[in-house]
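> Sequence and predicted model, in that order:
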Amino acid sequence: MGDINDLRRARKAAAEDMQAKADALTTLEDQESADEAALEGAQAAFDAAKATFDKADRQVKRAEDVEAASASAAAPEPGSEPNAPRGGVAAQPKEKGLQFGAMLRTLAAAGGRVREAREIAEENGQSGLFAAQNVSSGVAGGFLVPEDVSSEVIELLRPASVVTAMGPRIVPMPDGNLTQNRRASGASFGYGDEGSDAPVTGYAYGQMKLSAKKMRGIIPISNDLLRTASTAVDRMVRDDAIEDAAQIQDRYFLRGLGTEFAPKGLRFQLLGTAAAATNILAMSGDASVQSVNSNLGRMELALANANVPYSGAHWIMSPRTAMFLTNLVDGNGNKAFPEMANGQLRRKPVHVTTEMPSNLGAGGNESEIMLVHPKHVVIGEHMGITIAMSEQAAYRDDSGELQSAFSRDETLMRMIMQHDLGLRHLPAVAVLTGVTWADQ
């Protein structure tokens, strides 16, 4: 059985052919001197077109029945889901983000024009794709993705990004700004008699200020793909957008220097504060098991000394460092950290990303490791996702070469998201610098 969208297009083409044959037959019938043989031929052509349409219609209805049956079979038993309605079965959720991929593909095919995209979706059997979107609802220079579709994409983006995969606190910023007190030291609890004020034991506050920073990305999409309306293409477009956005988000959330227009990453949140002296640690010793354990323990102790439970923290490291720790053996040839095979190190999750470089330092052979407690990481999100399309613009590839979308038969998608990152408690991050561990 073919893709249901392909079947719907075939049915639409059959209906148009049937209409053309019907018009031709009517024209002949209206002629007083029409040849009988010509009438019989036109009638036969109409009957054949009708038979083709009937076959295509049956195939579409059969595919729709199979799709409905599959969704029904995959649905949970009545009452097994906490949110299932009484006397019925909760609706089977559709694949997240697939509508986003279809929107991107269709908008790209229409050159970013919503009205034409709606017509293309109708021709492709996806008449409801832009049903809830007014033609005039796009923003200047782009198309604002509907909130429900945008939330699905962001939900998929979070596990794809190292920082958001840790489970930080994510809060909305309706006006693009958020100011919150930051815990600096001390505690606000103490003992006292009934008539006295509650004692305050050295509690000090700082402030965490977030302001929406605009993250932009350009994704080239082959026009050969755009000419094919299928679920596989929608999924590919969706996945490319999510993977590219996650990589750039991690680049700045981890090591962004912090400017008026870009977030300050976790690596540099501590600079210029008292926590820098206690939580930015230089690697000591060699690459022996004992020395490695000592350095990792120093990072855990930095969190513990600030009353941050390191048992709930997450490691972030480069692929080179992760491979070294995976392969490290003791004097007896036993794996020093066998749990690395399961993404754990000293009973804490490990996140591996190329956005933790391995070419730092004067010699270009150093890396860094972070230990982060996500409970104290705050990400503010503003607006949703805005996209724009162009077949004429140019872009730079991975090697920095300027490429023309027109000459390469591509459509460029620009995706914009707005957010910022901060720390409610600065010592919730420990950084080990100068890491030269590597397999020989």
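Right, received. Where do you want to start? Numbering: from 1, shown residues only.
> Secondary structure element for the closest residue to A24 other than its chain neighbours, which one?
Distances taken as CB to CB, 6 or more residues apart in numbering place A42 nearest to A24, at 5.4 Å, with adjacent residues excluded. The C-beta positions use only the backbone N, C-alpha and C, and glycine is treated the same way. Element membership for A42 (DSSP states H and E) is helix 36-74.
> So which elements touch the next helix or strand after that helix?
Next helix or strand after helix 36-74 toward the C-terminus (DSSP H and E): helix 98-109. For helix 98-109, the packing partners by 3 or more CB pairs under 8 Å, 6 or more residues apart in numbering; DSSP states H and E come out as helix 114-123, helix 147-160, strand 213-222, helix 223-226, helix 231-255, strand 377-390, strand 410-423.
> Apply 6 Å and report the result again.
helix 114-123, helix 147-160, helix 223-226, helix 231-255 (3 or more CB pairs under 6 Å, 6 or more residues apart in numbering; DSSP states H and E).
> Report the angle between the first one and helix 98-109.
Translated: helix 114-123. 120 degrees (axes from the mean of the first three to the mean of the last three CA atoms, to 10 degrees).
> The one helix or strand K21 maps to packs against which elements?
Taking DSSP H and E as the definition, K21 sits inside helix 4-29. Other helices and strands packing on helix 4-29, by 3+ CB pairs under 6 Å, 6+ apart, are helix 36-74.
> hmm, back to that, ok and the helix holding A42 relative to helix 4-29, angle-wise?
Using the same axes, to 10 degrees: helix 36-74 against helix 4-29 is 160 degrees.
> May I see the buried residues of helix 36-74?
Residues 42, 45-46, 49-50, 52-53, 56, 59-60, 63 are the ones in helix 36-74 that count as buried (16 or more other CB atoms under 10 Å).
> packing partners for that helix?
helix 4-29.
> Averaged pLDDT, the helix it packs on. What do you get?
The pLDDT scores in helix 4-29 average 84.
> and it with helix 231-255, angle?
Using the same axes, to 10 degrees: helix 4-29 against helix 231-255 is 140 degrees.
> does E368 count as helix, strand or coil?
What DSSP: H, G, I helix; E, B strand; the rest coil gives for E368 is strand.
> ok, and the closest non-adjacent residue to Q99?
V149 (5.4 Å).
> tally of neighbours for that neighbour?
22 (other CB atoms under 10 Å).
> Sketch out the low-pLDDT regions of the protein for me.
Within the chain, the segments meeting pLDDT under 70 span 1-3, 71-94, 127, 131-142, 183-206, 229, 440.
> Name the residue closest to the centre of it, please.
By CA atoms, centre = their mean, the chain has its centre lying nearest to L157, at 2.1 Å.
> quick one: it and Y310, what's the gap?
According to CB to CB, to the nearest Å, L157 stands 27 Å off from Y310.
> And F253, by the same measure?
Between F253 and Y310 the distance is 21 Å, computed by CB to CB.
> of those two, who's got more company?
Just comparing F253 and Y310: by other CB under 10 Å the higher neighbour count belongs to F253, 25 against 21.
> What sits closest to that one if chain neighbours are left out?
V163 (4.1 Å).
> Neighbours of the residue lying closest to K264 once chain neighbours are set aside, how many?
If the residues on either side of it in the chain are set aside, K264 comes closest to G258, at 2.6 Å by CB to CB, 6+ apart. Using other CB under 10 Å, G258 has 16 neighbouring residues.
> how much space is there between G258 and E155?
For G258, the distance to E155 (CB to CB) stands at 27 Å.
> Please apply the same query to G217.
18 Å.
> Counting neighbours, go ahead and name the busier of the two.
Set G217 next to E155 and count neighbours by other CB under 10 Å: G217 wins out with 15 against 11.
> which residues sit in contact with the more buried one?
Listed by CB atoms under 6 Å, 6 or more residues apart in numbering, the contact partners of G217 are 244-245, 248, 415.
> Need the max-distance pair from those residues.
By the measure CB to CB, I248 and M415 form the most distant pair in the contacts of G217, at 9.9 Å.
> need the contact list for K214.
416, 418.
> beta partners for it?
Q418 (DSSP bridges).
> Kindly provide the distance from it to D420.
Counting by CB to CB, the gap from K214 to D420 is 10 Å.
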